[in-house]
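Below is the sequence, then the predicted model.
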Amino acid sequence: MTVADASSPTPSPVTATALEARALVKDFRGFRATNGVNLQIREGEIHAIIGPNGAGKTTLFHLLSGFLRPTSGEVLLFGERIDTLPPYAIVRRGLSRSFQISSVFPSLTVRDNVLVALGSPTPLPGQFWTPLSRLEALGPRADEILERVGLSAAQGRLAADLSHGEKRQLEIGISLTQEPRVLLLDEPTSGMGSEGVARVIALVREVARGRTVVLVEHNMSVVAELADRITVLQYGQVIASGRYDDVRRDPRVIEAYLGEEAHA
Amino acid sequence: MTVIPRTAARTDRERLTRAAWLVGLGVLLLVLPRLIYPVLALDILAWGLFAVAFDLLFGFSGLLSFGHAAFWGSSAYVTAYLLGQGQSVPVAMLGGTLAALALAVPIAFLSVRSAGIYFSMITLAFAQMLSFLALQWTDVTGGENGLQGFERPSFLGLDFSDSVTRYYFCLALFAVGFYVAYRTVRSPFGQSLQAVRDNEPRAQSIGLNPVRFKFTAFLISAGLAGLAGSMYAFGHGVVSLEVVNWRTSGEVVMMTLLGGTTTLFGPVVGAGLVLLLRDVLTTANLPVGIVTGLVFVATVLFFRRGVVGTLQQWRRR
């Protein structure tokens, strides 16, 4: 376990739970996408959420990050309820997320993408009179983050012109600017070739140092390589949770999802 | 690390381009009343600032207001009314601008939570309500007759009965308004605004509250549109129902698209082109609506970035 960020105002209790879902339910017009999910993410671990298509993984991510309100149940971040907060307020409490479809600011340069994210707590709407050069004070930190995600050479290009893999890297970089204690990654390797996958694995491992990472992932070799623990969803319910090697032997999981890959 | 000089060179060239535009436009506006008659020149200033204000919301925030006549028109009426009550020119114009700003608070509050066509329809609905009010409240607005014949008393030795003096007075106000828009866009706030426009969920997940940014941008835009409207009333000496008509809201959309959105200078150029074209066509007795319509269609089809946007793109090659 690591001490991730000392800036938290609340004296954190000696619990090792970073993020927790309690009896989480989400209904969409009679369709129950999330059906009583209980989830405990330990501080400092890499936790993968897997499950067949339509199992409710993305819905769960939206619930955890405030983009959807649960019908019932609770979400707790370091013991504090966050399920009634808007996304931007949750970010400020230390939980940042990426998106399934690469999500950057296309009309800004790579560097400005990072700068605007670094400056986001400061440019309150009242400060429209502040010159843009003020953001240059954040330049060294932007350079550091770009270096970390391997985009130093691309910093002057427009984000719209990046390759798919580079957008992924940038997206993780943007999430890092928030210095999240908990980072949610939605399918970080989707649509990538094997070379890109290897790079993302290295990157995730690198950024996971000193923080908790939760990822939704389809690629089983990525999960096997990265995850400390995994949770398997099916029909909006948790059918298994635990260490990868234990879960893959669970007959229900084999039946539901892992089957082919586990025996391949 | 070898790339840093290239980035610096890029921003240097951008700065140079910006300076060139600024100097070119500034010189042109300074000599404008010698090239065309001053009332038309003042019209270009007022509509130009109006279009810049509109583009703050449309280009930089991604919100298509179809009711900006509400701010332009309410300010024009209040300015004319205050002048009619014997107030001085600066007081009347400030009053008009503040009226537009005050009107924008509830409208922005109710509209910025919506996006796309819903936002456009809400702003249009408010503008139509105001238009109806202007028609009915004849004691203040003069109804169908509008407001005319109000005084424009001299101020600090400036004789406002002279149209050239009025032009240069408004040029100073235009410069102030344009500077506000420039500072807004070139600020961390402006950049965050563009981030919200580009990708709202992403902006939220870096801790930005989209509603607050759009609300503030709306107020700045409405305030500048109000300043422009007060310039229009002051310049013409007449305010009619046309200032709150939905056609006015549509006109500013056309000017902005013609000149080029998110270019800052583009909307001014667009306003100038539309007004000059209309002037030429009217004097030559040609069908104004058909020709300006065709020009607009051609621009949208072939020069999607507008005049200034297209020029900038060519220069970059």
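Received, thanks. Given the structure is predicted, the values throughout are model-derived calculations rather than measurements. Numbering: from 1, shown residues only, chains lettered A, B, ... in the order given.

drop to CA atoms for contacts and neighbour counts, all remaining ones
Will do.

A:I239 falls within a helix, correct?
No: counting by DSSP: H, G, I helix; E, B strand; the rest coil, A:I239 falls outside a helix, being strand.

Report the separation between B:A228 and B:A100.
Distance, B:A228 to B:A100, by Cα to Cα, to the nearest Å: 10 Å.

Now for the two: what residues contact both?
Here B:A228 and B:A100 have B:W72 as joint contacts, going by Cα atoms under 8 Å, 6 or more residues apart in numbering or on different chains.

Specify which residue of these two has the higher count of neighbours.
B:A228 (34 against 29; other Cα atoms under 10 Å in any protein chain shown).

Tell me the spatial nearest neighbour of the more buried one, not counting adjacent residues.
B:A46 (4.7 Å; Cα to Cα, 6 or more residues apart in numbering or on different chains).

all helices for chain A, in order.
Counting by DSSP state H, chain A has these helices, from start to end: A:57-65, A:87-92, A:110-118, A:139-148, A:164-177, A:194-207, A:220-226, A:244-247, A:251-253, A:259-263.

Quick one, which of those gets closest to chain B.
Smallest distance to chain B across these (Cα to the nearest Cα): 4.0 Å, for helix A:87-92.

what about that closest one, distance to the chain center?
Relative to its chain's centre, helix A:87-92 lies at 13 Å (Cα atoms, centre = their mean, to the nearest Å).

for stretch A:41-58, same thing?
10 Å.

which of the helices of chain A sits most buried?
helix A:110-118 (a mean of 26; mean count of other Cα atoms under 10 Å in any protein chain shown).

counting contacts, what elements does that helix pack onto?
helix A:139-148, helix A:164-177, helix B:188-198 (3 or more Cα pairs under 8 Å, 6 or more residues apart in numbering or on different chains; DSSP states H and E).

how about a cut-off of 10 Å?
helix A:139-148, helix A:164-177, helix B:188-198, helix B:200-204 (3 or more Cα pairs under 10 Å, 6 or more residues apart in numbering or on different chains; DSSP states H and E).

The ones you listed into JSON lines, with extra columns for distance to A:I201?
Shown next, in JSON lines, are these (distance: least, Cα to Cα, whole Å):
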{"stretch": "helix A:139-148", "distance to A:I201": "14"}
{"stretch": "helix A:164-177", "distance to A:I201": "11"}
{"stretch": "helix B:188-198", "distance to A:I201": "28"}
{"stretch": "helix B:200-204", "distance to A:I201": "22"}
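
Nearest to A:H47 among these would be which one?
For the helices and strands packed on helix A:110-118, the distance to A:H47 is smallest for helix A:164-177, at 16.7 Å, taking Cα to Cα.

hmm, that closest one in reach of chain B?
Yes: counting by Cα under 10 Å from any Cα of the partner chain, chain B is contacted by helix A:164-177 at A:171, A:174-177.

Can you tell me the closest non-neighbouring residue to the residue nearest the centre of chain B?
Central residue of chain B (Cα atoms, centre = their mean): B:F50, 1.5 Å from the mean position. Of all residues not flanking B:F50 in the chain, B:A225 sits nearest, at 4.8 Å (Cα to Cα, 6+ apart).

which stretch of helix or strand covers the one you found?
helix B:210-236 (DSSP states H and E).

Contact partners for B:L124?
Neighbouring residues of B:L124 by Cα atoms under 10 Å, 6 or more residues apart in numbering or on different chains: B:65-70, B:118, B:130, B:246, B:249.

Do I have it right that B:G289 meets B:L281?
Yes: between B:G289 and B:L281 there is a contact under Cα atoms under 10 Å: 9.5 Å.

ok, those two, which is more surrounded?
B:L281 (16 against 10).

helix or strand for that one, which one?
helix B:266-283.

And chain A, is that helix touching that?
No: using Cα under 10 Å from any Cα, helix B:266-283 stays clear of chain A, coming no nearer than 17.9 Å.

same deal with stretch B:175-192?
Yes: applying Cα under 10 Å from any Cα, one finds that stretch B:175-192 is in contact with chain A at B:180-192.

could you flag which of the contacts of B:L124 are buried?
B:65-70, B:130, B:246, B:249 (16 or more other Cα atoms under 10 Å in any protein chain shown).

Closest one to chain A out of the residues you listed, please.
Of all the buried ones among the contacts of B:L124, chain A sits closest to B:S65, with 19.8 Å by Cα to the nearest Cα.

returning to what we had before: what's the most distant pair in the contacts of B:L124?
B:Y118 and B:L130 (18.6 Å).

which stretches of the stretch 1-150 of chain A have low pLDDT?
Scanning the stretch 1-150 of chain A for pLDDT under 70 picks out A:1-15, A:121-127.

all helices for chain B, in order.
B:4-35, B:38-58, B:69-84, B:89-111, B:116-136, B:138-141, B:163-185, B:188-198, B:200-204, B:210-236, B:246-259, B:266-283, B:288-302, B:306-316.

can you put the ones you listed in a markdown table and add mean pLDDT?
Listed next are these as a markdown table, based on pLDDT from 0 to 100:
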| stretch | mean pLDDT |
| --- | --- |
| helix B:4-35 | 74 |
| helix B:38-58 | 93 |
| helix B:69-84 | 94 |
| helix B:89-111 | 93 |
| helix B:116-136 | 90 |
| helix B:138-141 | 82 |
| helix B:163-185 | 92 |
| helix B:188-198 | 86 |
| helix B:200-204 | 86 |
| helix B:210-236 | 93 |
| helix B:246-259 | 89 |
| helix B:266-283 | 88 |
| helix B:288-302 | 84 |
| helix B:306-316 | 79 |
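
okay, those helices, which one's buried deepest?
helix B:69-84 (a mean of 29).

With adjacent residues omitted, what lies nearest to B:I206?
Using Cα to Cα, 6+ apart, the closest residue to B:I206 is A:A117 (5.7 Å).

so how far is A:L135 from that neighbour?
Counting by Cα to Cα, the gap from A:A117 to A:L135 is 10 Å.

same check, this time on B:F174
28 Å.

Return the backbone torsion pair for the nearest residue to B:S161 once chain neighbours are set aside.
What sits nearest to B:S161 in space, not counting adjacent residues and going by Cα to Cα, 6+ apart, is B:R152, at 7.0 Å. Note on B:R152: backbone dihedrals following degrees, to the nearest 10 are phi -130, psi 80.

B:R152 against B:S163, yeah?
No: at 11.2 Å, B:R152 does not count as touching B:S163 under the criterion of Cα under 10 Å.

list the residues that contact both of those two?
B:G235.
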